[in-house]
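Student: Quick one: sequence plus predicted model below, questions after.
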Amino acid sequence: MGSKLHNYKMPAEWTNHQCTFISWPVQESMCFPQDYERVQQGYLEIVKAIAEFEPVIVVVNPDEQDQIKELFEEPNIEVIPIQHNDAWLRDNGPTFLMNDDGKRAGVNWKFNAWGEKYTPCDLDDQVAPLILDYLNIERFNASLVMEGGSIHVDGEGTLLTTEECLLNPNRNPYLIKNKIESYLKQYLNIEKVIWLKKGLYGDETDGHIDNIACFAAPGKILLQICDDPEDDNYGITQENLKILTNSTDAMGRSIEIIPIQQPPMLEHKGSRLTLSYLNFYFVNGGIILPIFGGNAEDTDKKAEDVLKEVFPGRRIRKINGMALIKEGGNVHCTTQQMPRGKE
């Protein structure tokens, strides 16, 4: 039974949060385990930055609980023990829902480590139900393999995603596009899906939406763009721009597109890093923005200026976007918001 039958829906990310959930990194699962100390420092920076705006609940493996607790003196940072294989809570955590009475629930999607790219992932597949059990809120178990970073909603019936990810045969090989749409409508109570074709070139998540486009408000979409025809992202972003230009949302509105210039290309060990300003995270009264420094200083500043103009009431809190990026993600990938309810 899906959430639509209970009048639950997924709120937009910019609505008020009760708290943010984040998982602590696991050295054994890292692409570059020798970077564990640097990655830990990156997570420490993210958690403390978010805590400037709202409470944070840090999910840690039980044998590390006491050690990680000592890193935080802030009273609004809580550490809870839940076994996990990897640390990208956006993708394996629950998707929180809320109904008109302010009661919360959560969707437990199936998780297969981004198309069975990494093993083991059995503990990660259990993180969402364990968080929902910890919170003692209603759970909807969806028979759909999906990661939270592959979707973004406007809170008024429209969902944004990519065909590259949701239609990838490494997730749900037996489901056609219409069936996947019906699951999204059932569990998230949305009315319309806007399908972009692809995400950023080389994104190992198979094109998560949270690296290339997101709603800034109903009827407004931030889109990372590339102006260099020689760049692999040029054709991808031009196609996405065309799709959005010709799209309307669930309310029938044309989409206002707000472009953000991509950072300069950067490689590590022969692979392109998935650098994105759109992997920022909304917090209460602010935005946590990854910046990249070096030859990206110009685009860092431009991205900050765009966000200041689009969100004049929010404080832009910059963090070091290079700390985690070699592991494949950034601040949005690490976080999962729980909306403020009325319970």
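Tutor: Okay, I see it.
Student: how far away is residue 10 from residue 151?
Tutor: Relative to residue 151, residue 10 is positioned 8 Å away (criterion: CB to CB, to the nearest Å). Every residue, glycine included, has its C-beta placed from N, CA and C.
Student: ignore the last one, residue 90
Tutor: Taken as CB to CB, the span from residue 90 to residue 151 is 10 Å.
Student: count of residues packed around the closest residue to residue 332 other than its chain neighbours?
Tutor: Once flanking residues are discounted, residue 332 sits nearest to residue 279: 4.3 Å by CB to CB, 6 or more residues apart in numbering. The number of residues packed near residue 279 is 29, by other CB atoms under 10 Å.
Student: isn't residue 279 right next to residue 212, touching?
Tutor: No. Residue 279 lies out of contact with residue 212 (CB atoms under 8 Å); the separation is 9.5 Å.
Student: circling back: of residue 90 and residue 151, which one has the most company?
Tutor: Ranked by neighbour count (other CB under 10 Å), residue 90 and residue 151 place residue 90 first, with 27 against 23.
Student: Need the three-state assignment for that one.
Tutor: Recorded secondary structure, residue 90: helix (DSSP: H, G, I helix; E, B strand; the rest coil).
Student: Contacts only, for it.
Tutor: Residues in contact with residue 90 (CB atoms under 8 Å, 6 or more residues apart in numbering) are 147, 148, 149, 210, 329, 332, 333, 334, 335, 336.
Student: Please report how far it lies from residue 150.
Tutor: From residue 90 to residue 150 the distance is 9 Å (CB to CB).
Student: Can you pull the residues that touch both of those two?
Tutor: Applying CB under 8 Å, 6+ apart, one finds that residue 90 and residue 150 are jointly contacted by residue 210.
Student: Quick one: neighbours of the closest residue to residue 219 other than its chain neighbours, just the number.
Tutor: Spatial nearest neighbour of residue 219, chain neighbours left out: residue 253 (4.3 Å); criterion: CB to CB, 6+ apart. Residues near residue 253, counting by other CB under 10 Å, number 15.
Student: and residue 253, how far is that from residue 154?
Tutor: Remark: distance between residue 253 and residue 154 (CB to CB) = 10 Å.
Student: any residues in contact with both of these two?
Tutor: Common neighbours of residue 253 and residue 154 (CB under 8 Å, 6+ apart) are 218, 219.
Student: just how off-centre is stretch 205-221 within its chain?
Tutor: Centre-to-centre, stretch 205-221 and its host chain are 9 Å apart (CA atoms, centre = their mean, to the nearest Å).
Student: and that stretch, average pLDDT?
Tutor: Averaged across stretch 205-221, pLDDT comes to 98.
Student: and if you look at stretch 232-247?
Tutor: So the average pLDDT for stretch 232-247 ends up being 97.
Student: swap in stretch 89-99?
Tutor: 97.
Student: before we move on, the earlier item: for the residue nearest to residue 332, give its distance to residue 146.
Tutor: Distance from residue 279 to residue 146, by CB to CB: 18 Å.
Student: where exactly do the helices run in this protein?
Tutor: Ranges of helices in the chain, per DSSP state H, are 36-51, 65-69, 89-92, 113-116, 122-125, 127-135, 163-166, 177-188, 232-245, 297-310, 331-334.
Student: pLDDT weak spots in the stretch 1-150 of the chain?
Tutor: Counting by pLDDT under 70, the ranges of the stretch 1-150 of the chain that qualify are 1-5.
Student: where do the strands sit along it?
Tutor: 17-23, 56-60, 77-81, 95-98, 104-110, 138-145 (DSSP state E, counting those that start in this stretch).
Student: Nearest to residue 116, out of those strands?
Tutor: Checking these against residue 116 by CB to CB gives strand 138-145 as the closest, at 9.6 Å.
Student: For the closest one, name the packing helices and strands.
Tutor: Other helices and strands packing on strand 138-145, by 3 or more CB pairs under 8 Å, 6 or more residues apart in numbering; DSSP states H and E, are strand 104-110, helix 127-135, helix 177-188.
Student: Of these, give the one that comes closest to residue 284.
Tutor: strand 104-110 (16.3 Å).
Student: got the angle between the closest one and strand 17-23?
Tutor: Angle between the axes of strand 104-110 and strand 17-23 is 30 degrees (criterion: axes from the mean of the first three to the mean of the last three CA atoms, to 10 degrees).
Student: which other residues reach stretch 171-184?
Tutor: 2, 112, 115, 142-146, 151, 159, 163, 165-167, 190, 193, 195.
Student: same thing but at 10 Å, please
Tutor: Residues from elsewhere that reach stretch 171-184 (CB atoms under 10 Å, 6 or more residues apart in numbering): 2, 10, 107, 109-110, 112, 114-116, 142-147, 150-151, 153, 159, 161, 163, 165-167, 169, 190, 192-193, 195, 206.
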